[in-house]
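[1] Here you go, sequence then predicted model.
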Amino acid sequence: MTAVEERPAVEVGKARKRKEDRRLITGRTRWTDNLAVPGMQHIAMVRSPVAHARITSIDVEEASRATGVALVLTGQDLADEQGSLPNAWPITDDQKAPPHPAMAVDRVAFAGEIVAAIIARSAAEARDAAELVDVEYDELPVVLDLEAAAQEGATLTHPDLGTNVSATWVFDSAEAGSGSDVDDAIRAAEVTIERTYRQQRLMPAYIEPRSVLVDPTHEQITMWSATQIPHILKLMLALTTDTPESKLRVIAPDVGGGFGGKLQVTPEEVITLLAAKRLARPVKYTETRSENLMAGHHGRDQVQRLTLAANRDGTVTGFKVDLLADMGAYLGLVTSGIPILGAFMFNAIYKFPSYRFTCTNVFTNKTWTDAYRGAGRPEATYAVERMMDELAAELDMDPMELRRKNWIKHDEFPFTTVAGLEYDSGNYEAATAKAMEMFGYDDLRREQAERRDRDDPVQLGIGISTYTEMCGLAPSRVLGSLAYGAGGWEHASVRMLASGKVEVVTGSSAHGQGHETAWSQIVADRLGVPFEDVEVLHGDTHIAHKGMDTYGSRSLTIGGIAAFRAADKVVEKARTVAAHMLEANRDDLEFEAGTFTVKGTDKSVAIGDIALHTFAAHDLPDEYEPSLDAEATVDPENFSFPHGTHLCAVEVDTETGATTIRSYVCVDDVGAVVNPLIVEGQVHGGVAQGIGQALYEEAIHDESGTLVTGSLVDYLVPSAADLPSIATDRTETPALSNPLGVKGVGEAGTIASTPAVVNAIVDALRPLGVSDVPMPCSPYRVWQAIQTASDGGQS
Amino acid sequence: MTQIHVNVDGVAYSDDVEPRMLLVQYLRERLGKTGTVVGCDTSNCGSCTVHLDGRSVKSCSLLAVQADGREVTTIEGLSSNGELHPVQQAFHDTHALQCGFCTPGMIMQSVDLLAENPNPTESEIRVGLEGNLCRCTGYQNIVRAVQQAASSGGGGS
């Protein structure tokens, strides 16, 4: 790590209220759907109601003649120019993938796929005309079940591909040299636990539906999109549609949540771009919620076959993971790599000596899956944390005791894991001790015993999740080794304006994370200027010309550090001017609180005055470039590894199956904290989404491949009344891979909370013979598990 | 087309509207009141919540013609003379928003809730906001914001 000058943290660590709030609480927002350009036309999409079919004919005659309709497009019209939507992560050399047209040309492979588009004067006219398009389908057999699709001889999602298997990816610790052979460990084990868990399909359900507006002037094409990734989108659109990258400008204005769901290059973006080009007029598309749920990418959807090997004293000796991952019908931007992000996390905080991970990616006739908050890591954490509880039950050990026996101890860092990652820092003991005290673990265990003794119909369960995650995606060389199509750096520039105010430009693209506030705090400290004097700009490829955008808890650990480094470069430039102004040597200057002082004298000059002096440029050192601007591009040295201990107590009514979360405590260690208010908010929201997976959410298709949970009536995004208040606290073990010691916090809560809740439910029911409840643990599923167990069967 | 007369955020409007036009479409597309947003189409998410004659309604489940002769307040009409409404202030103070898309609806519903019940318990707040979905905050700080607005006594409209 490059040496960094220590400066007092005045702003960093302060619970600053957010700069970005004012427009959001007064309604002066710039969501993409709020924007209008003169002459703007509107698109309505015609989507396939069937999951797999040949398109035999599309009659657009009547639609074309409808009032206000400027253009009707079918897949045939776009076939030569739409290219194939990008998959930037071919995980193996022989990965199989079907062509992925933005608009289906002659065959549809999931219900919701776009088959035609109407472009009209108003959204209402476009939608009216869409009703007039007559599409005839010759239906083909569908394959929907992930396990069935993986079998030899299964119905094919894409007949031309000849298989439903896209790729198989393996990590073996014996082959990698990071551990021993897992099969040997299983053979020698005193205890083995075998389980199969289902990670149900989820939908990101950000509250702002996706929207895109394209304005093609002849010189340039500007796209506004509700996206997390304006920079990646710009490059991918250029490559996909054969548009010169330099002619494209992508703007992510206010963006209403993403959670990975807006980390995509969408068919709608490509179609809107092509329609606007063809009409030479601005065109806007805004999806309905049902379109969003049907065709916006989904998340999770894995079957996990797991074997944990251990000694009777509780020492785990090996973990074997066999995954099936449902791609849906196509590979999106990083679809195929999502399970691989989990491959390094199944060993979590533990010192497992052997490990093998095998993942088979499988196509089915459903909406494609891709990133959703945590992306691979929640699935892995769920698996290992559930298995640790199962092992504890088998050995009749306290589940926390079992974890303690296996986790990496504070004095053992840095620690190279069996998955080959080097964990730089962590203190699982400290976070756990704090959480146990806040939770009142021993008292709750006593109450649990009492309820069990008296056969209380309402049983108490305690769930533990001692998680870690890999954040800060990602060191470019690691991405390269995993065959990801790009690097993991981030860019920032800092410029001192003549008046002493500061502009920070970040390539990271916020959509609720609070970059404007946090980056201001970081740069204010480095430059010694007031927080209020810093303005943060982002989300427009003309303003932020370089960037890798926002996902994978990467913004602060990479983008924030880029702002930090750029600010330091500004200080070094200013030092040269200050030395000239003060007639001193650079080395004799001290920089503190925004002022350079000649050591041992009272001669000083403030950075704001240096900015004006540099701007005027009348009297600068020879050959000094008159500028106080600087850029930095940061490629992370390592991932960061936040961790924490989440504890959940649930009451389960064994007569109705209803689960109530009685208390939820989490102590997270996300390293140094720039803004505790923002960190706490991220934890709240993350925990809520993880609870959503545990208790409420599941995307369900019927036997024909129609999405049953196609509106927010059926897809249960938790409301305020469904969620508990949670108690949060922190320990702070700094990351060693960056100068601020920050680790990232965006996904922690989601990764941690799902197994905490399900472990609690199973713990409540274990005396009744229940050892698992499939997610989401609805009252019916819980009740069913109890009935099955009491009938003497396996739950 | 049907003619309607409606007062929105203190300004009188007369407009011809299609009978099928939703109130939220009228606000956004005809009046440019884009502070009020659409999140779902099925009246589940509450992002489009406004006040009609002082009571909260989901403007996606009302026709524009139903607002004829009535008074509508949107998020853009809540603050006066540059002074934030106490509920807006409380949302800012307690970090009750992240992406902010649900926020206008959430604030309008919170104002209504406090008008009806100036001193709600935590559980009354949670139930009172049940019809408004937020995906970012886990609601915890939204509950805090309503509590702060209640204790400042300025929550009522």
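    Yep, that arrived.

[2] Do I have it right that A:His155 meets A:Val142?
    Just so we're on the same page, residue A:155 is Thr rather than His. Yes: at 6.8 Å, A:Thr155 counts as touching A:Val142 under the criterion of CB atoms under 8 Å. For glycine as for every other residue, the C-beta is placed from the backbone atoms N, C-alpha and C.

[3] Which one's more surrounded, those two?
    Using other CB atoms under 10 Å in any protein chain shown as the criterion, A:Thr155 and A:Val142 rank with A:Val142 on top: 24 against 18.

[4] from what I can see A:Val255 touches A:Lys262, true?
    Yes: A:Val255 is in contact with A:Lys262 according to CB under 8 Å; the separation is 6.6 Å.

[5] Give me the common contacts of these two.
    A:Ala226, A:Thr227, A:Gln228, A:His511 (CB atoms under 8 Å, 6 or more residues apart in numbering or on different chains).

[6] If you count residues, where's the longest helix of the chain?
    Looking at chain A here, since you left the chain open. In chain A, taking DSSP state H as the definition, the longest helix is helix A:561-582.

[7] switch to chain B, that's the one I care about
    Max-length helix for chain B by DSSP H is helix B:103-116.

[8] Toward the C-terminus from that helix, list the very next helix or strand.
    Next in sequence after helix B:103-116, counting helices and strands by DSSP states H and E, comes helix B:122-128.

[9] who touches that following helix?
    A:719-721, A:723, A:725, B:109-110, B:113, B:116-117, B:120, B:139, B:143, B:146-147.

[10] Go again with 6 Å.
    Residues from elsewhere that reach helix B:122-128 (CB atoms under 6 Å, 6 or more residues apart in numbering or on different chains): A:Ala720, A:Ala721, B:Leu113, B:Val143, B:Val146.

[11] B:Pro118: neighbouring residues, count only.
    Look at B:Pro118: counted by other CB under 10 Å, it has 14 neighbours.

[12] Look up how far chain A lies from it.
    The gap separating B:Pro118 from chain A is 19 Å, by CB to the nearest CB, to the nearest Å.

[13] Assign a three-state SS to the closest residue to A:Val4 other than its chain neighbours, would you?
    Counting by CB to CB, 6 or more residues apart in numbering or on different chains, A:Val4 lies nearest to A:Pro739, which is 4.2 Å off, once chain neighbours are set aside. Secondary structure, DSSP: H, G, I helix; E, B strand; the rest coil: A:Pro739 is coil.

[14] For the residue of chain B found nearest chain A, what is the enclosing helix or strand?
    Going by CB to the nearest CB, chain A is nearest to B:Gly35 of chain B, at 1.9 Å. Under the criterion DSSP H and E, no helix or strand holds B:Gly35.

[15] For it, list the residues it contacts.
    Residues in contact with B:Gly35 (CB under 6 Å, 6+ apart) are A:Gly27, B:Thr74, B:Ile75, B:Glu76, B:Pro104.

[16] Over to A:Val570?
    Counting by CB under 6 Å, 6+ apart, A:Val570 has contacts A:Val494, A:Met496, A:Leu628, A:Ala630.

[17] where's the third one relative to chain B, distance?
    Computed as CB to the nearest CB, the A:Leu628 to chain B distance reads 33 Å.

[18] can you check the first one too?
    Per CB to the nearest CB, A:Val494 is found 25 Å from chain B.

[19] how would you label that residue: helix, strand or coil?
    strand.

[20] and it, bridged to which residues?
    As for beta bridges, A:Val494 partners with A:Val504, A:Ala630 under DSSP bridges.

[21] for it, what are its contacts?
    So A:Val494 contacts A:Val504, A:Ala566, A:Ala567, A:Val570, A:Ala630 (CB under 6 Å, 6+ apart).

[22] I'd like to know which residues of the stretch 651-795 of chain A are adjacent to chain B.
    For the stretch 651-795 of chain A, the residues in contact with chain B (CB under 6 Å from any CB of the partner chain) are A:677, A:681, A:684-685, A:687-688, A:711-713, A:717, A:719-721, A:723, A:725.

[23] Of those - the most surrounded one?
    Among these, A:Val687 has the most neighbours (other CB under 10 Å), with 30 neighbours.

[24] Next, that residue: phi, psi?
    Here is the backbone geometry of A:Val687 (degrees, to the nearest 10): phi -60, psi -40.

[25] And the residue of the stretch 501-650 of chain A closest to chain B?
    For the stretch 501-650 of chain A, CB to the nearest CB, closest residue to chain B: A:Gly512, 3.2 Å.

[26] what about that residue, helix or strand, and which?
    Applying DSSP H and E, one finds A:Gly512 in no helix or strand.

[27] Could you do B:Ser43 as well?
    Assigned by DSSP H and E, B:Ser43 falls within no helix or strand.

[28] Chain A contacts on chain B?
    By CB under 6 Å from any CB, the residues of chain B that approach chain A are B:34-35, B:39-42, B:44-45, B:75-76, B:88, B:91-92, B:95, B:97-104, B:126-127, B:129-130, B:133, B:135-140.

[29] Just give me the closest of the shared contacts of A:Val255 and A:Lys262 to A:Phe352.
    A:Gln228 (33.6 Å; CB to CB).

[30] who are the neighbours in contact with the closest one?
    Residues near A:Gln228 by CB under 6 Å, 6+ apart: A:Gly258, A:Lys262, A:Leu263, A:His511, A:Asp549, A:Thr550, A:Tyr551.

[31] Quick check, central residue of chain B?
    The residue lying closest to the centre of chain B (CA atoms, centre = their mean) is B:Met108, at 2.9 Å.

[32] Burial check on the closest residue to it other than its chain neighbours, number of neighbours?
    Excluding its sequence neighbours, the residue lying closest to B:Met108 (CB to CB, 6+ apart) is B:Thr49, at 4.4 Å. As a burial measure, B:Thr49 scores 29 neighbours (other CB under 10 Å).

[33] Quick check, B:Thr49 in contact with B:Val57.
    No: using CB atoms under 6 Å, B:Thr49 and B:Val57 do not qualify as a contacting pair, with a distance of 7.1 Å.

[34] isn't there a strand covering A:Ile58?
    Yes: the assignment for A:Ile58 by three-state DSSP puts it in a strand.
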